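Asks: how would this look folded up:
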Amino acid sequence: MITQEKYRRHIKPRTVDYSNEQYGRIFPDNGEDIDPYSLLGPYAFEDRLQSRELARRAGKNCPIHSKDAWHESLAYELLSPENYHSGIWIPNWAAKGVRNANKARLLSWLLWWFDDESSRSRVADRGTERGLYETGPCRARVMDDLGERCLGTSCSRLSKEVNLSRNTVTSILRKFEQENLIVTKRCDSGIFSGRLLVRFNPFRLATKYKGATGDDFPDREFGKDGYFRRRWIAWEPPVAGEDSKFRPGWYESDTRKRAMNRDSIRGQQICRGTWVSDWIFVACEKKAASAQVLSQVLWWFSVKTDNNGTDLGTRARIQRHDYLWIAKSSRQLSQETGLPDRTVRRALDYLIEDKQFLLKGFWRYDNRRDRGQETLHLRPNVGPLNNLLTSKQIEEEAWEIESFRMQNAM
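Replies: Numbering: from 1, shown residues only. Here you go, the predicted model:
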């Protein structure tokens with residue numbers, strides 16, 4: 001059982017901010033020519049550390065040989081976050097804002113609908129099309145009687161898209177509405193008659209984003225004298241005969257671009273998140289928290305490359321007994337995924353003890369930080385993960401989710 005860490009001295013816990021994305025050329029070959037935009041993590045040096053002693057011996061950017069390497073396994077091509085497949089990208093701020101894995105999954109899927117449609121994928125993307133791919137209009141294109149941009153859907157359809165039960169989706173939508181995060185109503189006319197219309201409250205969502213990230217940008221846009229508020233107040237319904245125009249909402253805001261990584265400079269990401277594959281979600285028996293934690297751990301064992309496509313080895317650099325490990329406490333994984341610490345510990349117990357997707361060990365990693373206490377080390381258990389490829393049930397269920405999304409996204 002993964003227990004809560006107890007520090008012997010009162011120190012402020014480190015904040016880590018990573019996502020399931022390729023960061024590009026994070027570690028230059030020498031320390032003289034450093035691109036400031038490539039240093040994307042406040043603790044990016046942990047990406048390359050085996051340990052304090054082994055890091056100097058192995059070098060900064062060279063691949064490390066290990067037994068049962070995850071990036072050399074059969075399942076890596078299928079489950080790697082860098083590869084193209086169906087899933088949901090869960091921003092860190094969304095999970096941190098709602099503090100619940102199922103809520104974060106549904107909120108992230110709604111955010112996907114109120115985002116730019118890209119030519120890379122009509123099924124799901126990871127907020128990485130920053131000028132590299134053609135982008136189209138917003139996916140949500142229904143206009144209600146007030147001129148607001150809405151998503152025409154139903155609870156049954158949402159439950160199939162996020163692969164949660166209908167009662168769970170209905171309960172989460174009701175709670176979101178009580179928090180004034182979304183507004184829902186039934187459409188009475190038109191081709192969407194009888195459907196559930198869902199739209200975001202941009203002011204409340206921007207407040208949620210600011211509270212989770214500490215970004216002051218929403219104050220300049222949604223504040224008392226913010227330019228978005230002035231546009232929102234000055235909007236008037238179009239006169240008969242004129243083209244219909246949506247009232248400014250979440251999609252039209254610049255905060256949405258920052259929250260979904262559409263306003264990045266030279267590939268620098270503003271927000272981090274976790275890419276959860278449908279295969280992993282189904283393999284974890286539709287436990288959203290476990291799937292999110294497993295996806296984040298597997299990302300650390302994926303291969304990183306520089307801008308020229310050179311293989312720099314895996315992000316995990318700790319080598320013990322000829323295996324690669326990461327030193328990640330439940331508190332650190334909580335900061336990376338945005339989930340509560342208690343939820344992460346339960347997810348780790350499920351992944352290690354029940355499903356045996358992960359293997360654990362306890363060794364000393366940083367004596368100065370941990371005061372001599374042993375730190376939790378994790379690595380993928382390649383055997384059970386490779387068995388996912390031979391499971392016909394998981395394959396059929398994951399393909400059913402992907403085909404349903406493809407059919408409704410067209």
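Asks: which residues in this structure form strands?
Replies: 87-91, 116-118, 135-138, 142-143, 149-153, 182-186, 196-200, 273-277, 303-305, 311-314, 318-320, 323-327, 358-363, 375-380 (DSSP state E).
Asks: distance of residue 162 from residue 401?
Replies: Residue 162 sits at a distance of 9 Å from residue 401 (criterion: C-beta to C-beta, to the nearest Å). Every C-beta, even on glycine, is put in place using the N, C-alpha and C of the backbone.
Asks: surely residue 228 and residue 222 touch.
Replies: Yes. With contact defined as C-beta atoms under 8 Å, residue 228 reaches residue 222; the gap is 5.5 Å.
Asks: need the residues touching each of the two.
Replies: Taking C-beta atoms under 8 Å, 6 or more residues apart in numbering as the criterion, residue 228 and residue 222 both touch 202, 253, 255.
Asks: what's the burial count for the residue nearest to the first one when sequence neighbours are not counted?
Replies: Nearest in space to residue 202, with sequence neighbours left out and distances taken as C-beta to C-beta, 6 or more residues apart in numbering, is residue 250 at 4.3 Å. When neighbours are counted by other C-beta atoms under 10 Å, residue 250 registers 25.
Asks: how about the contacts made by residue 250?
Replies: Taking C-beta under 8 Å, 6+ apart as the criterion, residue 250 is in contact with 114, 149, 199-200, 202, 205, 256.
Asks: residue 401 now?
Replies: 86, 160-161, 163, 278, 282.
Asks: nearest to residue 138 among those residues?
Replies: residue 161 (17.0 Å; C-beta to C-beta).
Asks: any idea of the pLDDT on residue 98?
Replies: Per-residue pLDDT puts residue 98 at 96.
Asks: ok, the residue nearest to it when sequence neighbours are not counted - contacts?
Replies: Spatial nearest neighbour of residue 98, excluding adjacent residues (C-beta to C-beta, 6+ apart): residue 104 at 5.4 Å. By C-beta under 8 Å, 6+ apart, residue 104 lies in contact with 90, 94-95, 98, 288, 292, 338-339.
Asks: what do you get for residue 386?
Replies: Neighbour list for residue 386: 73-75 [criterion: C-beta under 8 Å, 6+ apart].
Asks: pull out the buried members of these.
Replies: 73, 75 (16 or more other C-beta atoms under 10 Å).
Asks: turn the contacts of residue 386 into TSV, columns for distance to residue 315.
Replies: TSV is the format used below for the contacts of residue 386 (distance: C-beta to C-beta, whole Å):
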residue	distance to residue 315
73	16
74	20
75	17
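Asks: neighbours of the nearest residue to residue 220 once chain neighbours are set aside, how many?
Replies: Take residue 220 and drop its neighbours on the chain: the residue closest to it by C-beta to C-beta, 6+ apart is residue 226, 6.0 Å away. Counted by other C-beta under 10 Å, the residues lying close to residue 226 total 18.
Asks: what do you get for the one 3 residues further on?
Replies: Look at residue 229: counted by other C-beta under 10 Å, it has 16 neighbours.
Asks: residue 320 is in contact with residue 362, isn't it?
Replies: No. Using C-beta under 8 Å, residue 320 makes no contact with residue 362, being 10.9 Å away.
Asks: settle it for me: which of those two has more neighbours?
Replies: residue 320 (16 against 11).
Asks: good, we can wrap up now.
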